[in-house]
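Asks: 3D, please:
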Amino acid sequence: MLQQQYAKDQHRDRRRALLIAGKSPLRSLISTFLSTMGYACVMVSTPKQLAGVQHESFDAALIDIANSGMPTEQTILSLRKLCPGLSE
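Replies: Residues are numbered from 1 along each chain as shown. Purely as a prediction, here's the structure:
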């Protein structure tokens with residue numbers, strides 16, 4: 001029981017990264033890399049999915065411009081609106 005609580009606390013303390021990328025082999029590679037760097041990675045590939053994370057907080061955001069599945073300018077504007085702390 002104590003070990004389970006420790007695991008939950010440890011997960012809560014992990015840095016969180018938002019990865020905006022379409023379904024591509026690069027997406028999995030980036031997610032794996034972020035995980036090895038200590039980040040919990042949340043992946044989105046549509047505007048609807050991006051809007052769905054508006055109440056979450058992130059320490060970093062990465063956009064795969066070539067394979068995001070969304071227009072780059074629209075993605076950046078939406079990201080700035082949803083997570084204003086990331087653009088500072």
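
Asks: For the residue minimising distance to the centre of the chain, give the beta-bridge partners.
Replies: Nearest to the centroid of the C-alpha atoms of the chain, with distances taken as C-alpha atoms, centre = their mean, sits Leu18, at 1.2 Å. Beta-bridge partners recorded for Leu18 (DSSP bridges): Val42, Ala61.

Asks: Looks like it contacts Ala61 (just checking).
Replies: Yes: counting by C-beta atoms under 8 Å, Leu18 touches Ala61, with 4.3 Å between them. C-betas here are computed from N, CA, C, even on glycine.

Asks: ok, back up a step: how close does the residue nearest to the centre of the chain get to Glu56?
Replies: 8 Å (C-beta to C-beta, to the nearest Å).

Asks: related to what we said a few turns ago, what do Leu18 and Ala61 both touch?
Replies: Taking C-beta atoms under 8 Å, 6 or more residues apart in numbering as the criterion, Leu18 and Ala61 both touch Leu79, Cys83.

Asks: phi, psi of Gly69?
Replies: With angles defined as degrees, to the nearest 10, Gly69 sits at phi 80, psi 0.

Asks: Now do the contacts for the closest residue in space to it that isn't next to it in sequence.
Replies: Excluding its sequence neighbours, the residue lying closest to Gly69 (C-beta to C-beta, 6 or more residues apart in numbering) is Gly22, at 3.8 Å. By C-beta under 8 Å, 6+ apart, the contact list for Gly22 reads Ser45, Asp64, Asn67, Ser68, Gly69.

Asks: Now Leu79: which helix or strand?
Replies: Leu79 belongs to helix 72-82 when assigned by DSSP states H and E.

Asks: Also Arg16?
Replies: Judged by DSSP H and E, Arg16 forms part of strand 15-20.

Asks: which helices and strands does that strand pack with?
Replies: Identification of packing neighbours for strand 15-20 by 3 or more C-beta pairs under 8 Å, 6 or more residues apart in numbering; DSSP states H and E yields helix 25-36, strand 39-44, strand 60-63, helix 72-82.
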